[in-house]
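In: After the sequence you'll find the predicted model.
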Amino acid sequence: MARNFVYNLARESGFTLYDSADLKLAVGECLLNVIKHAYLGKHGYPIFLEILIFDNRMEVRIRDFGVQKNLSDMRGYDLGDYREEGIGLYLVRKLTDHFYVDQSGKGNRLILTKMK
């Protein structure tokens with residue numbers, strides 16, 4: 001539901017079909033990572049989605065209050081180092097123009113930016 005919302009909002013905001021699909025996939029990967037890693041696979045915990053739309057970009061902020069992982073463990077893998085898992089963050093970095101993880105408070109805040 002959230003992925004489709006982001007996709008439709010991007011399309012309505014003037015993003016191309018491909019860039020909108022990239023945002024949808026990147027947000028989906030981040031949400032799955034929150035459930036799997038921050039909330040350890042448990043459902044029913046809050047995930048907040050904040051979307052800011054500017055003339056030249058869209059910024060998506062995903063906030064959780066789960067477990068903080070060591071940032072060096074979240075580097076993502078190169079495609080040359082094939083694994084069945086672990087390419088999510090690599091993919092998010094490739095699909096967005098800017099990706100940032102903020103762990104300054106409790107939980108995690110992921111910030112994804114896509115330029116038009």
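Out: Thanks, I have the structure now. Residues are numbered from 1 along each chain as shown.

In: Please identify the buried residues of the one helix or strand in the chain whose mean pLDDT sits lowest?
Out: For the chain, counting by mean pLDDT, DSSP states H and E, helix 88-95 ranks last in confidence among helices and strands (a mean of 91). Residues of helix 88-95 classed as buried: 88-92, 95 (neighbour count, 16 or more other C-beta atoms under 10 Å). Placement of C-beta: from N, CA and C, glycine included.

In: Also stretch 105-116?
Out: Neighbour count says stretch 105-116 has 107-114 buried, by 16+ other C-beta under 10 Å.

In: And for stretch 10-21?
Out: Across stretch 10-21, burial judged by 16+ other C-beta under 10 Å covers 10-11, 15, 19-20.

In: Quickly check those residues for the two that are furthest apart.
Out: Greatest spatial distance in the buried residues of stretch 10-21: Arg11 and Asp19, 9.2 Å, computed using C-beta to C-beta.

In: Point out where the protein drops to low pLDDT.
Out: Across the chain, the ranges flagged by pLDDT under 70 are 71-86.

In: sorry, back to before: can you add secondary structure and distance to Ile51 and give the buried residues of stretch 10-21 back as a markdown table?
Out: As requested, those are arranged in a markdown table below (DSSP: H, G, I helix; E, B strand; the rest coil; distance: C-beta to C-beta, whole Å):
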| residue | secondary structure | distance to Ile51 |
| --- | --- | --- |
| Ala10 | helix | 9 |
| Arg11 | helix | 13 |
| Phe15 | coil | 12 |
| Asp19 | helix | 14 |
| Ser20 | helix | 13 |
